[in-house]
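Asks: sequence first, then the predicted structure, then my questions.
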Amino acid sequence: MSEVHIHKHEVKGRNLVYSILLNLVITLAQIIGGILSGSLALISDALHNFSDVLTLVFSLYANKLSKRKASLNHTFGYKRAELIAAFVNASTLIIVALFLIYGAIERFVEPKIIESNLVIWLSLLGIIVNGFSALLLKKDAEHNLNMKSAYFHLFTDMMASVAVLIGGLLMKFFGWFWVDSVMTILIAIYLIVVGIDLIKSSTKILMLFTPDHIDIKALVREVHKIEGVNKLHHIHIWNLNDDELHLEAHLDCSEDIKMSEFNVLLDKIEQVLFTQFHINHINIQPEYKKEDPKNFIVQD
């Protein structure tokens, strides 16, 4: 297997540690405040924050695992650990959202008077803490699906706190206590949308689907332009993780060349695949007039 080396973004685990500690503080404060004020939205936000703590701990562990070196029993190492974490984290977003909707509907049927001042101040604290935590992970989230799932947990928490703040202000100045339930449902719907998107992204990689940005037919056309190539077939393309994009294929050569000549040909193919399609791990089986079906680009 050939590999083209690229610069990989180094995910900083310490940012996750800071976020975990901050979220533990805000969770405790919101649970106490929610009980004292009687606000379901505040308690819901606290439960979401606590789910974030578990999510961040899981993401931190997966990040540590992903850095373990390969071994004879684990030839790819634990590079997919973060994908599993992303999938689980996204699933918890949806589960939490469903619980929020259930509680909000119950509260909407039987509205309760809420201590709005406490709701307002604790929601402001939630905005500051979750906003700062999300900011810590923002750069990593742009390069890593696991960090992206953790970032969205924190970002949605910040948005939830904004919604709780708006609800608190409306309750304080207009006495609209039903807003608490409405805000909770809106928060939950947003969580479901984000969760489904993350589940789709992580599932595609876990199932070894061809990445969305790869056009296999276009890739084949480019490789076929290289002198010495007859037909590229039996192609499989997949992401191992966020950094590594793999390709394996059979290459029918136009001439019966020596291995040293094939190395030169392979180098040309690698450059095309890397520069045009960002594929950095390539495994190609050379052939010359081998008797097997070559009329299929993708084949088991």
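Replies: Now that the structure is in, tell me what you want to look at.

Asks: run through the helices of the chain in chain order.
Replies: 13-37, 40-66, 81-109, 116-141, 145-174, 179-206, 216-224, 259-277 (DSSP state H).

Asks: could you list the buried residues of the last one?
Replies: Residues F262, L265, L266, I269, E270, L273, F274, F277 are the ones in helix 259-277 that count as buried (16 or more other CB atoms under 10 Å). Every residue, glycine included, has its C-beta placed from N, CA and C.

Asks: what do you get for the third one?
Replies: Along helix 81-109, the positions that meet the burial threshold by neighbour count (16+ other CB under 10 Å) are 81-94, 96-97, 100-101, 103-104, 107.

Asks: same check on the fifth one?
Replies: By neighbour count with 16+ other CB under 10 Å, helix 145-174 contains the buried residues 145-171.

Asks: same check, this time on the shortest one
Replies: Residues of helix 216-224 classed as buried under the neighbour-count rule (16+ other CB under 10 Å) are I216, L219, V220, E222, V223.

Asks: same question for the first one.
Replies: Neighbour counts over helix 13-37 (16+ other CB under 10 Å) mark 15-16, 19-20, 22-23, 26-27, 29-31, 33-34, 37 as buried.

Asks: from those residues, which is closest to E291?
Replies: Proximity of those to E291 (CB to CB) peaks at L16, which lies at 53.9 Å.

Asks: which non-adjacent residue is nearest the closest one?
Replies: L60 (4.4 Å; CB to CB, 6 or more residues apart in numbering).

Asks: okay, now that neighbour: neighbour count?
Replies: 20 (other CB atoms under 10 Å).

Asks: cool, and V119?
Replies: 28.

Asks: list the neighbouring strands of the lengthiest strand in the chain plus their orientation.
Replies: Across the chain, the longest stretch assigned as strand under DSSP state E is strand 229-239. Strand 229-239 sits in its sheet next to strand 245-253 (antiparallel), going by DSSP bridges.

Asks: measure S71 to K79 for me?
Replies: Between S71 and K79 the computed distance is 13 Å (CB to CB, to the nearest Å).

Asks: looking at those two, which has the bigger crowd around it?
Replies: Neighbour totals were compared for S71 and K79, and K79 leads with 18 against 10 (other CB under 10 Å).

Asks: grab the nearest non-local neighbour of that one.
Replies: K79's closest residue in space is N241 (CB to CB, 6+ apart), at 4.6 Å.

Asks: for K69, see how far away the one you found is.
Replies: 15 Å.

Asks: between those two, who's got more neighbours?
Replies: N241 (20 against 7).

Asks: who's in contact with the more buried one?
Replies: Contacts for N241 (CB atoms under 8 Å, 6 or more residues apart in numbering) come out as S66, K79, R80, E82, L83, L145, I205.

Asks: 7 Å - rerun?
Replies: The contact partners of N241, taken as CB atoms under 7 Å, 6 or more residues apart in numbering, are K79, R80, E82, L83.

Asks: and the second one, its phi and psi?
Replies: As for R80, its main-chain torsions (degrees, to the nearest 10) stand at phi -90, psi 0.

Asks: measure it to T210 for me?
Replies: 17 Å.

Asks: cool, I257 as well?
Replies: 29 Å.

Asks: and what of D242?
Replies: For D242, the distance to T210 - CB to CB - is 16 Å.

Asks: so for the two, which residue has more residues nearby?
Replies: D242 (22 against 17).

Asks: hang on, isn't the more buried one packed against E142?
Replies: No: the pair D242 / E142 is not scored as a contact, 10.0 Å apart, by CB atoms under 7 Å.

Asks: middle-most residue in this protein, spatially?
Replies: L145 (2.9 Å; CA atoms, centre = their mean).

Asks: read off the pLDDT value for that one.
Replies: Here, the pLDDT recorded for L145 equals 72.

Asks: go on, F108?
Replies: For F108, the predicted pLDDT is 75.

Asks: ditto for the one 10 residues further on
Replies: Model confidence at L118, given as pLDDT, is 79.

Asks: look at it and say how many residues are nearby.
Replies: For L118, the tally of surrounding residues (other CB under 10 Å) stands at 18.

Asks: same thing with V229?
Replies: 17.
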